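Novice: Structure for the following, please:
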Amino acid sequence: MQHFPIFIALAGRRVVVSGGGDAAIAKLRLLLKTEAHLTVFASDPAAEIAAWAEAGRLRLVRRAMEPGDATCAALFYGADEDEAEDARTAALARADGALVNIVDNLGDSQFITPAIVDRDPVTVAIGTEGAAPVLARAIKADLEARLPQTLGPLARIGKAFRKMAEALPMGRKRRDFWSDYYFDAGPRAYEEGGEDGAERALDTLLDRHLASEARPGHVAFVGSGPGDPELLTLKARNALDTADVVIHDRLVAPEILELARREAILIDAGKEGFGAHTPQGDINDMIVDHVRAGAQVVRLKSGDPTVFGRLDEEIEAVDAHGLSWSVVPGITAASASVAAIGQSLTRRGRNASVRYLTGHDMKGFADHDWATLARPGEVAAIYMGKRAARFIQGRLMMHGAAPATPVTVIANASRADQKIVATTLAQLSTDLSAADLSGPALVLYGLAPRAAAAALPDIQPQQEAL
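Specialist: The predicted structure is shown next:
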């Protein structure tokens, strides 16, 4: 991020614009929405700028800028539409201590003006650091359509009421009050009675929230999916929006953690197979302590919490203290991985069932019904199977699995750095070592990527010969 987004208070402060043409007009239309003292330097200003000056909306100086003209200015816009003149006036403004923006010259500008969605006092700023203005305009158009025009009046009314709302204790209780106002009581009251109705609704709403007991603590066991933020469910996103505390696994993608409420406490409770980890008992205690304190907790797990997520142990700990909980399922790694290779986990005539296995458990490499899995046509999704690959390979071949059985390993499924290794059971550990995969990986036994599947030999005769 080269440009740090901030909102500058311009009420009563100077903003200087050099230029009197279309570029200056475009900037002034936006600046005129502020409470800044605007000064424009232009030898031959457009009629629109002259009209604004006559109406007293800005000060117009009909000459080129000179040294000292930007003294005490907070911002300066170079809009001369002439490279040499823009460079000259920008140098003068910098010497006077103003932050400088030169229209259509990102490299020489000290700040940029983003695309803006105006629902005064709610303002949404969209910036692409000059990389994609078309994209910024598209996002602006989308937000304009989504944000109702009533948002501005409701925010103005709410702003005037903030002092009264301080009667509520800071934190969850006060946030619940404002959430109720902006997303339920406020819009309904505004629709029925306009601004007067919304103002009356605030008094009634405050009385109700003052009389009500604090919202009890709750934990939502949420699946974050395989890593792609677009695969996060709406229910999971809503839970992150309202969480006071997020206790997350090591494998949860940073992009998903970014979606948590900014004020939320983020706690890394990561575990790594055969490595450092947070003891399960400590995680249970953390969840219980925060819920008992009245927090809305999200226990954020990679994939789906019901698949190798130690969910039952954490629910039992919460239940033991009579606390409230819910489960928000996520897309498990097996679903994302099989989608990545264009296959399905089950197929008529091939397999009517699929096994979800773990490569290792608390005691080390995990044992399974290898004899059944070694039969032709069996399919298994093996979680945490990367380090256990040689063990799995040996067990299956020991029980008669065909060496040519297709195996696919998908690392970082659904993410930008996803990598796929297509191999066979005989070559599994060798090819996996050569691939040097980083990040979480899932082993799909019995499946090859669709493009490679047609070239694989039929393993049935080999199985019968063993």
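Novice: the strands in the stretch 51-200 of the chain, which residues?
Specialist: In the stretch 51-200 of the chain, the strands defined using DSSP state E, counting those that start in this stretch lie at 59-61, 73-78, 99-102, 115-119, 122-126.
Novice: Can you tell me how far L234 is from L257?
Specialist: 18 Å (CB to CB, to the nearest Å). Placement of C-beta: from N, CA and C, glycine included.
Novice: So which of the two has more stuff around it?
Specialist: Between L234 and L257, counted using other CB atoms under 10 Å, L257 has the larger neighbour count: 17 against 8.
Novice: That one against H248, yeah?
Specialist: Yes: at 6.4 Å, L257 and H248 qualify as touching, with contact defined as CB atoms under 8 Å.
Novice: any shared contact partners between these two?
Specialist: With contacts taken as CB atoms under 8 Å, 6 or more residues apart in numbering, L257 and H248 have L266, L300 as neighbours in common.
Novice: What count of nearby residues applies to S433?
Specialist: By other CB under 10 Å, 11 other residues sit near S433.
Novice: Could you check which helix or strand contains it?
Specialist: For S433, the element it lies in under DSSP states H and E is helix 428-435.
Novice: Of all the strands of the stretch 51-200 of the chain, which one is nearest D22?
Specialist: Evaluated over the strands of the stretch 51-200 of the chain, closeness to D22 peaks at strand 73-78, with 13.1 Å, by CB to CB.
Novice: I'd like to check which residues are in contact with the spatially closest residue to Q149 that is not a sequence neighbour.
Specialist: Among residues not flanking Q149 along the chain, R119 sits closest, at 7.3 Å (CB to CB, 6 or more residues apart in numbering). When the contact criterion is CB under 8 Å, 6+ apart, the partners of R119 are L147, Q149, L151, G152, A155.
Novice: Deepest-packed of the strands of the stretch 51-200 of the chain, please.
Specialist: When those are scored by mean count of other CB atoms under 10 Å, the highest mean neighbour count falls to strand 73-78 (a mean of 26).
Novice: what's the model's confidence in that strand, averaged?
Specialist: Taken as a whole, strand 73-78 carries a mean pLDDT of 97.
Novice: can you start the count at 739 instead of 1 from here on
Specialist: Sure, I'll start counting at 739 from here, so that last one is strand 811-816.
Novice: who's in contact with that strand?
Specialist: For strand 811-816, the external contacting residues (CB under 8 Å, 6+ apart) are 746, 748, 751-757, 762, 765, 769, 774, 777, 808, 824, 827-828, 831, 834-841, 843, 849.
Novice: quick revisit: quick one: the contacts of R857 as CSV, columns for neighbour count and pLDDT too.
Specialist: Converted to CSV, the contacts of R857 look like this (neighbours: other CB atoms under 10 Å; pLDDT from 0 to 100):
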residue, neighbour count, pLDDT
L885, 15, 86
Q887, 8, 84
L889, 19, 88
G890, 16, 89
A893, 17, 91
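Novice: between the residues you listed, which is nearest T1146?
Specialist: Taking these together and measuring to T1146 by CB to CB, the closest member is L885, at 44.5 Å.
Novice: Was I right to think that closest one contacts V855?
Specialist: Yes: at 6.4 Å, L885 counts as touching V855 under the criterion of CB under 8 Å.
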